[in-house]
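**Student:** A structural model of the following input is requested.
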Amino acid sequence: MVLAVGSAVAIGAKRVGIPYNVALVVVGLVLVLVDVFPHAPLDPDVVLVAVLPVLIFEGALVADADALNRARQPILALAAPGVVISLLGTAGIATVALGLTVPSALLLGALLAITDTVSVLLAFRSTRVPHRLAAIMEGESLFNDGTALVLVSVTATAASRGTFDLLPTARALAVAIAGGLMLGFAIGAIGAAVLRRTPDHLTAILASIVLVFAASLTAEHVHASPIIAVVVAGLVVGRAARGVLEPSHVLALHGFWETAGFALNVILFLLVGMQIDTGLLADEAGSIALAVVALHVGRAIAVYGCFALLGLTSKQKVPLRWQHVMVFGNIKGALSMAAVLALPIDFPNKQRLVTIVFGVTFVTLMTQALPFRRFLRAIGIGISDHGNALEEARARLILARRGQAELDDLLASGLVSRRDHAERSAAFQRTIIAVEAILRSPHAEGGDDAVIDGAILSAQKAALIDAARRGLVGDDTAEREIALLDGRLMRLSAGHHNTATEVAEGDKD
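**Tutor:** This next block holds a predicted model:
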């Protein structure tokens with residue numbers, strides 16, 4: 001029944017044009033209010049073992065590891081000190097305003113420090129933003145989730161004991177993070193080696209399933225962070241898969257995990273309604289409002305403070321408008337709810353924490369996720385309607401030219417008659433003429449040089465790697481030239497755009 005309702009809601013949300021998770025949380029709240037679903041406790045182990053690893057791995061698998069590496073300083077600034085600052089800021093306000101004990105307030109701060117980028121990335125797909133901004137937010141979400149969930153575990157232990165011991169807590173935190181990183185790299189390397197030997201996409205998918213739960217359960221067994229282990233393993237395997245698997249196998253792998261993540265998001269957003277006491281939801285309305293204020297204050301301190309320090313200590317500059325996006329994009333979602341539901345059933349104040357986290361998720365989805373695209377355009381990030389039309393024209397031109405090239409190859413191979421070739425070629429030519437007229441319009445002037453240059457450099461790098469594999473150039477020569485290309489790509493991602501001449505001739509380094 002949950003899957004049926006969730007599917008219907010998701011289809012309706014797509015048709016209306018709103019993020020599906022916004023629609024799901026609204027319907028979940030309505031189902032609570034009208035008592036459609038029975039109230040039943042959810043086994044925390046189901047969330048810990050079956051839900052969290054899949055949601056985390058799905059995001060890590062499709063992430064661009066190279067782009068994340070180039071933006072590593074801003075990502076680490078937000079995922080390490082940024083999470084702690086956000087947690088402490090939220091907890092400080094929660095202690096005073098909500099009357100929680102210090103350990104419980106720290107736990108709430110950790111739960112609300114988890115970022116959920118589903119809504120943000122959905123908006124990015126429909127409103128193009130600078131690639132580096134998207135990489136920072138995606139990477140911060142992945143590593144923020146790992147750090148924050150470790151802090152959830154540590155603060156939950158302190159809250160259940162009623163005391164907070166700094167030294168044991170710091171030791172457990174260090175072991176969890178370091179162990180998760182090492183284990184993730186090790187299992188990711190094993191998974192990458194296995195993927196190279198999979199004969200088809202079905203075995204690749206099966207191997208990836210084993211990998212996820214091997215990383216998660218092994219980390220849990222040795223008291224490392226399962227989430228950090230899964231994130232790192234997912235990044236390693238995702239990069240390896242794109243390098244060694246056939247494109248069709250990569251698409252199948254991504255499609256499977258995207259479907260699994262979507263299904264679990266649907267189930268989680270609706271099942272959380274079965275945990276909510278509607279009377280308590282009304283009673284905690286004031287607490288929810290204060291928690292929303294607290295999390296935004298903590299997030300603002302973390303973002304603006306960390307990037308101010310980063311600007312003073314390094315050359316990594318993050319534009320102020322991007323920082324506004326990171327603060328406004330502080331949207332709660334499935335991971336925060338999964339983390340609070342994973343607390344033991346007899347955990348002190350669990351029902352209140354579940355209610356507050358659900359309420360905060362609802363408020364941020366309605367007030368931030370829903371208008372997020374409009375916010376991006378209001379502050380000058382994103383492209384106009386003319387830009388959308390130009391992107392569609394470019395996409396159609398790419399498709400038409402690729403179709404024409406394939407048709408020519410079929411004719412040369414004798415697999416298509418000259419008559420069929422002429423008819424289909426004429427159709428492609430009409431499309432090419434129409435879209436080229438759009439791309440020559442005044443609105444097409446001043447295109448995105450960074451995107452064009454990046455595409456050219458990436459294509460040159462791919463061609464050089466292929467030439468080295470074929471033995472056309474030596475490995476040493478290929479490595480030197482690839483290093484130069486990587487340097488230009490990194491400068492391009494940092495905002496130092498090469499001109500067309502520089503890309504064509506190479507930097508005079």
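**Student:** Next, count neighbours for residue 78.
**Tutor:** By the measure other CB atoms under 10 Å, the count of residues near residue 78 is 28. Just so you know, the C-beta spots here come from the backbone N, C-alpha and C atoms, and that holds for glycine as well.
**Student:** So residue 421 versus residue 10, what's the distance?
**Tutor:** 42 Å (CB to CB, to the nearest Å).
**Student:** any low-confidence regions in the protein?
**Tutor:** 32, 35-42, 116-128, 162-166, 272-277, 382-391, 441-452, 454, 487, 489-509 (pLDDT under 70).
**Student:** could you show me where the strands are in it, in order?
**Tutor:** Read by DSSP state E, the chain holds no strands at all.
**Student:** any idea which residue sits dead centre in it?
**Tutor:** By CA atoms, centre = their mean, the mean C-alpha position of the chain lies nearest to residue 138, the distance being 4.1 Å.
**Student:** these two touch, right, that residue and residue 68?
**Tutor:** Yes: between residue 138 and residue 68 there is a contact under CB atoms under 8 Å: 7.2 Å.
**Student:** Next, the contact list for residue 298, please.
**Tutor:** Residue 298 sits next to 85, 86, 87, 88, 89, 90, 93, 109, 112, 113 when contact means CB atoms under 8 Å, 6 or more residues apart in numbering.
**Student:** Residue 26: what's it in contact with?
**Tutor:** Applying CB under 8 Å, 6+ apart to residue 26 gives the contacts 362, 366.
**Student:** Quick check: it vs residue 341, distance?
**Tutor:** Distance of residue 26 to residue 341, given as CB to CB: 19 Å.
**Student:** and if you look at residue 34?
**Tutor:** Counting by CB to CB, the gap from residue 34 to residue 341 is 22 Å.
**Student:** Neighbour count for these two, which is higher?
**Tutor:** Remark: of residue 34 and residue 341, residue 341 carries more neighbours, 24 against 9, as counted by other CB under 10 Å.
**Student:** circling back: among residue 421 and residue 10, which residue is more densely surrounded?
**Tutor:** residue 10 (19 against 16).
**Student:** That one contacts residue 21, doesn't it?
**Tutor:** No: look at residue 10 against residue 21 with CB under 8 Å: they stay out of range, at 9.1 Å.
**Student:** intersection of neighbour lists for those two?
**Tutor:** Contact with both residue 10 and residue 21 is made by no residue, according to CB under 8 Å, 6+ apart.
**Student:** Contact partners for residue 150?
**Tutor:** By CB under 8 Å, 6+ apart, the contact list for residue 150 reads 173, 176, 177, 180, 225, 227, 228.
**Student:** all helices of the stretch 251-400 of the chain, in order?
**Tutor:** 278-283, 285-313, 320-328, 334-341, 350-364, 372-378, 385-412 (DSSP state H, counting those that start in this stretch).
**Student:** With respect to burial, which of those helices scores highest?
**Tutor:** When you average the neighbours per residue for each of those (mean count of other CB atoms under 10 Å), helix 334-341 leads with a mean of 27.
**Student:** and the angle for that one with helix 350-364?
**Tutor:** 170 degrees (axes from the mean of the first three to the mean of the last three CA atoms, to 10 degrees).
**Student:** Output helix 334-341 as PDB, restricted to C-alpha atoms.
**Tutor:** Extracted in PDB, the C-alpha atoms of helix 334-341 (Å, rounded to 0.1, in the frame of the first residue of the first chain):
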ATOM      1  CA  ALA A 334      15.100  11.100   4.300                       C
ATOM      2  CA  LEU A 335      18.500  10.800   6.000                       C
ATOM      3  CA  SER A 336      17.600  12.900   9.000                       C
ATOM      4  CA  MET A 337      14.300  10.900   9.400                       C
ATOM      5  CA  ALA A 338      16.100   7.600   8.900                       C
ATOM      6  CA  ALA A 339      18.700   8.500  11.600                       C
ATOM      7  CA  VAL A 340      16.100   9.500  14.200                       C
ATOM      8  CA  LEU A 341      14.000   6.500  13.500                       C
END
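**Student:** now that helix, how far from the chain's geometric center?
**Tutor:** In this view, helix 334-341 has its centroid 16 Å away from the chain centroid, taken as CA atoms, centre = their mean, to the nearest Å.
**Student:** now do the same end-to-end measure for stretch 239-250.
**Tutor:** 10 Å (CA to CA, to the nearest Å).
**Student:** So what touches that stretch?
**Tutor:** Outside stretch 239-250, the residues that reach it (CB under 8 Å, 6+ apart) are 61, 65-66, 188, 191-192, 195-196, 198, 200-201, 204, 253.
**Student:** With residue 141 as the reference, measure out to the residue nearest to residue 353 when sequence neighbours are not counted.
**Tutor:** Spatial nearest neighbour of residue 353, chain neighbours left out: residue 340 (5.5 Å); criterion: CB to CB, 6 or more residues apart in numbering. Taking CB to CB as the measure, residue 340 falls 18 Å from residue 141.
**Student:** count of neighbours near residue 427?
**Tutor:** Around residue 427 there are 13 other residues, counting by other CB under 10 Å.
**Student:** so how far is stretch 175-183 off the chain centroid?
**Tutor:** Here stretch 175-183 is found 21 Å from its chain centre; the criterion is CA atoms, centre = their mean.
**Student:** Please save the CA atoms from that stretch in CSV.
**Tutor:** Extracted in CSV, the C-alpha atoms of stretch 175-183 (Å, rounded to 0.1, in the frame of the first residue of the first chain):
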residue,chain,number,x,y,z
VAL,A,175,38.2,5.6,15.4
ALA,A,176,34.8,5.7,13.6
ILE,A,177,36.0,8.3,11.0
ALA,A,178,39.5,6.8,10.4
GLY,A,179,38.2,3.3,10.4
GLY,A,180,35.5,4.1,8.0
LEU,A,181,37.9,5.8,5.6
MET,A,182,40.4,3.0,5.5
LEU,A,183,37.7,0.3,5.3
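**Student:** Report the spatially nearest residue to residue 78, omitting neighbours in sequence.
**Tutor:** Using CB to CB, 6+ apart, the closest residue to residue 78 is residue 140 (4.4 Å).
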